[in-house]
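J.: This is a predicted model, with the sequence first.
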Amino acid sequence: MPKAIWNGTQIAQSDRTEVVESNHYFPPEAIDKQYFKASQTHTTCPWKGVASYYDIEVNGQINKDAAWYYPQTKDAAKNIEGYIAFWKGVKVET
């Protein structure tokens with residue numbers, strides 16, 4: 001079952017991830033919300049839409065904008081709407 005780990009802590013786990021462009025997108029209920037803090041960062045993908053970001057905080061360390069999601073996707077990406085993906089050192093094990 002895919003899980004996301006950062007700073008030695010599991011921050012997400014699900015057997016229902018969606019893989020898009022080599023990234024595992026985890027359903028919203030699969031993340032451990034205590035480690036996620038809303039960020040003010042937003043980016044735009046031409047075919048997915050506008051992404052929002054989370055900072056991840058574990059054991060007092062912050063990984064800025066290390067998770068992203070699309071609150072409202074374009075039609076081509078409806079399967080990942082609201083799902084969370086990771087980068088910046090967050091390891092996804094499958």
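T.: Ah, there it is.

J.: which residues touch Asp15?
T.: Residues near Asp15 by CB atoms under 8 Å, 6 or more residues apart in numbering: 1-2. Just so you know, the C-beta spots here come from the backbone N, C-alpha and C atoms, and that holds for glycine as well.

J.: Dihedrals phi and psi, it?
T.: Per-residue torsions, Asp15: phi -100, psi 10 (degrees, to the nearest 10).

J.: Could you tell me how far it is located from Lys74?
T.: Plainly put, Asp15 is 26 Å away from Lys74 if you go by CB to CB, to the nearest Å.

J.: Where does pLDDT dip in the protein?
T.: Low-confidence regions of the chain, defined here as pLDDT under 70, do not occur.

J.: so what's Trp47 closest to, chain neighbours aside?
T.: Using CB to CB, 6 or more residues apart in numbering and skipping residues adjacent in sequence, the residue nearest Trp47 is Ala76, 5.1 Å away.

J.: ok, the one you found touching Cys45?
T.: No. Using CB atoms under 8 Å, Ala76 is not in contact with Cys45; the gap is 10.0 Å.

J.: Can you show me the strands along this protein?
T.: 3-6, 9-13, 18-20, 23-25, 36-45, 49-58, 61-69, 84-86, 91-93 (DSSP state E).

J.: residue contacts, His78?
T.: For the record, residue 78 is Lys, not His. Per CB under 8 Å, 6+ apart, neighbours of Lys78: none.

J.: Next one: Gly60 relative to Asn7, how far apart?
T.: For Gly60, the distance to Asn7 equals 9 Å [CB to CB].

J.: Look at these two and report which has more neighbours.
T.: Higher neighbour count among Gly60 and Asn7: Asn7, with 16 against 6, using other CB atoms under 10 Å.

J.: give me every residue that touches the residue nearest to the more buried one when sequence neighbours are not counted.
T.: Among residues not flanking Asn7 along the chain, Val58 sits closest, at 4.1 Å (CB to CB, 6+ apart). Contacts for Val58 (CB under 8 Å, 6+ apart) come out as 6-9, 11, 35.
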